[in-house]
Structure formats: structure tokens, C-alpha cells
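Asker: Attaching a predicted model along with its sequence, questions to come.
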Amino acid sequence: MIISVASGKGGTGKTTVAVNLALSLDASGTGTGAPPLLLDCDVEEPNAYLFLNPNPGVEEEVKTVCTVIPEIEEERCDYCGKCASSCEYNAIVVLSEQRRVMLFPELCNGCGLCTLVCPQNAIREVTREIGTIRRYRSDGIELVYGVLNIGEVRATPLIEQVKEAVKTERTVIIDCPPGTSCPVIAAVQGSDYCILVTEPTPFGLYDLKLAVETLKMMGIPSGLVINRAGIGDREVYKYSEAEGIPILLEIPYRREIARYYSEGIPMVRAMPEWKRHFASMMERIRIEIGGRGGMRDEG
């Protein structure tokens, strides 16, 4: 079972929910005897590891992730411009009069079309490093997360590489990037269920609506976790009822929860009673998925 944790905006507490949920699932809770797998797909700013406190000495793997980009052999190039006109991402600009080709590797999608259309065979593909994938084990949880290199603008290829760690026989929790852009789509794609984390404020409601509409288009069922419950207004609750989206859990606006968070301590460790609440939420999700006809086909 693959459960993604997302939000329409940053700062709502999705990492808090993802980490505490993973810590609330012991080996027997997965139904397979295997520990849960936590994927941090917020590759531009991964922080789940901060709450698991992994010892650097137990790091199991660091993998370099590369993508392919074109390299122009200008001695063969006749500056016809076919590569530039075929590029959907505007990663190549041909200045015919100046007899110059400009390449913007950060924009390149690595599709290889420019190589195929070049009549002079003046383009070849080379690899370019975009980030790393790190793997840890901590407290019975396997954590895999990506770190995008500084200056990179496309997170999706790295997210797709992180998700290759998914093993369908285990419970997988995916901490998604914030928002509703392409990286979020890449992270949520293939999930059996998505937990949307929001806050009861006008800003939280506005971005929640965007996230809900995105999941509807993807055909992924969802439920809400309302963080910092007790502040703001009741509009999120009214929207949830009107849309038929279940409220799975409410996390109250309490000083001690904020203090534990600031110290990097998951709330289920500091307040063990919350482990039961997160485990009950997962059981409710299992029942709902079963009622919808089971898990999605990953093939």
C-alpha cells in the first residue's frame, strides 16, 4: 500500500504527519512483517531525516543521479535551427547569423529529440549530475530521500528515481513536495491514497482546493489531516463536508507540540498516546481503500 502525504502549500505540517505516521506503524502493523518505507520526495528541501535522527555511520547508500543533455559538435553544425524548433522546453537557441548555439541544460528534459532531428549528426548526448539519493535505516524505518543539487530547476527526474525504491509488498509513506506543480504530480502518481494536510485558515483553504482538484483529475482518493486545529475559522470543515472528503485526524494547536517539533522530536515519541491516533488513521485508510476495490495497479 502506497500512501502519499501532500499539501496545497508549504508549512502545513505534511512532514510531521508523514514521519509520525511511519513511526506509528510497527512491523506487525504493515501486515507483512516488514518495516515501513518512508520516501522523502521533497527533494528541494528534504527534512524527514532530521526527525528520525539517523546516525551518519549507518548510512547504507548514496547514489548519484544523472540525466542526459545534448552536446553540440559545432564543427559539424550548419546552424539550421531544427534542434531549437523541435525542443518543447526551449533548452536550445540557435543564432544562425552569429553561427552560435546556446544550450540551457537546466531546462532540458533529456528526451533526445534534438539528437534525432539533427540532419548533420552534430548532437550527442552526455550525462549531467542533478542530485543524489540517500538511504538510511532508523528505528525500524527505512528512509530514502533525494537531494537536488543547488541551482537545478527540475526536481521531477530525481523524484522519479527516489520512487524506484518503492516495494509493493511493504507499506510506503511518501512525503511529497508542497503545492500542485509537476514535482507534486510525480510524487503522488501511483499512490493508493493521499493524505492532504491543511490548516483551518483562508490560505490553507485556498491551497487545499487546488490540491483536491488535482487529485480528482488523477483519480486518487484523499482525506484530510487538519493541523493546528483551533485557530482560524470553520471554512475548511464546511468545505470538507460539502466535498465529501473525510477528516482523518485533527492535530491541535498546542505549545508543547510546537516545542517538540522545533527540537526535532516526533510527537509520537514525546506523547506516545498519539501513536494510537496515527495507527487508527492508517486503519481507517485501509478500510476505505478496501471499500473502493483495493489498491491501484502499479503496472
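Answerer: Perfect, I can see it now. Residues are numbered from 1 along each chain as shown.
Asker: What ranges does the stretch 1-150 of the chain have for its strands?
Answerer: 2-6, 37-40, 61-72, 92-95, 100-103, 123-138, 141-148 (DSSP state E, counting those that start in this stretch).
Asker: how about the CA coordinates for the third one, as PDB?
Answerer: What follows is the C-alpha trace of strand 61-72 in PDB, where atoms were taken according to Å, rounded to 0.1, in the frame of the first residue of the first chain:
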ATOM      1  CA  GLU A  61      23.800   4.000   0.300                       C
ATOM      2  CA  VAL A  62      24.500   7.300  -1.500                       C
ATOM      3  CA  LYS A  63      23.600   7.200  -5.200                       C
ATOM      4  CA  THR A  64      24.400   9.900  -7.800                       C
ATOM      5  CA  VAL A  65      21.600  10.600 -10.100                       C
ATOM      6  CA  CYS A  66      22.200  11.900 -13.600                       C
ATOM      7  CA  THR A  67      20.200  12.900 -16.600                       C
ATOM      8  CA  VAL A  68      21.200  13.200 -20.300                       C
ATOM      9  CA  ILE A  69      21.600  16.500 -22.100                       C
ATOM     10  CA  PRO A  70      22.700  17.300 -25.600                       C
ATOM     11  CA  GLU A  71      26.200  18.400 -26.500                       C
ATOM     12  CA  ILE A  72      26.700  20.300 -29.800                       C
END
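Asker: Averaged pLDDT, it. What do you get?
Answerer: For strand 61-72, the mean pLDDT works out to 91.
Asker: center of the protein, which residue is that?
Answerer: When C-alpha atoms, centre = their mean is applied to the chain, the residue found nearest the centroid is residue 176 (2.7 Å).
Asker: Distance of that one relative to residue 83?
Answerer: Distance from residue 176 to residue 83, counting by C-beta to C-beta, to the nearest Å: 34 Å. For glycine as for every other residue, the C-beta is placed from the backbone atoms N, C-alpha and C.
Asker: now residue 265
Answerer: 53 Å.
Asker: got the domain boundaries for this structure?
Answerer: By the assignment in automatic domain parsing, the chain contains the domains 2-64+133-291, 74-121.
Asker: Most tightly packed of the ones you listed?
Answerer: The highest average neighbour count among the domains of the chain, using mean count of other C-beta atoms under 10 Å, belongs to domain 2-64+133-291 at a mean of 18.
Asker: tell me how far the ends of that one are from each other?
Answerer: End-to-end distance for domain 2-64+133-291: 16 Å, by C-alpha to C-alpha, to the nearest Å.
Asker: can you give me the helices for this structure?
Answerer: For the chain, the helices defined by DSSP state H cover 14-23, 48-52, 82-86, 113-117, 156-162, 182-188, 202-218, 235-243, 255-262, 267-270, 273-291.
Asker: so which of those gets nearest residue 39?
Answerer: Of all the helices of the chain, helix 156-162 sits nearest to residue 39, with 5.7 Å by C-beta to C-beta.
Asker: that older thread, rebuild the domains of the chain as JSON lines, extending it with distance to residue 127.
Answerer: Shown next, in JSON lines, are these (distance: least, C-beta to C-beta, whole Å):
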{"stretch": "domain 2-64+133-291", "distance to residue 127": "10"}
{"stretch": "domain 74-121", "distance to residue 127": "10"}
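Asker: And those, which one averages the lowest pLDDT?
Answerer: Among these, domain 2-64+133-291 carries the lowest mean pLDDT (a mean of 90).
Asker: how far out from the middle of the chain is that domain?
Answerer: Here domain 2-64+133-291 is found 9 Å from its chain centre; the criterion is C-alpha atoms, centre = their mean, to the nearest Å.
Asker: Stretch 71-84 too?
Answerer: 37 Å.
Asker: Next, the distance between the ends of it.
Answerer: Stretch 71-84 has an end-to-end distance of 13 Å (C-alpha to C-alpha).
Asker: contact partners of it?
Answerer: 70, 92-96, 99-101, 103, 114, 117-126 (C-beta atoms under 8 Å, 6 or more residues apart in numbering).
Asker: how does it look with 10 Å?
Answerer: 70, 90-103, 105, 113-126, 128 (C-beta atoms under 10 Å, 6 or more residues apart in numbering).
Asker: Could you do stretch 209-221 as well?
Answerer: Residues contacting stretch 209-221 (C-beta under 10 Å, 6+ apart): 4, 6-9, 176, 178-181, 184-185, 188-194, 196-198, 222, 224, 236, 239-240, 243, 245-246, 285, 288-289, 291-292, 296.
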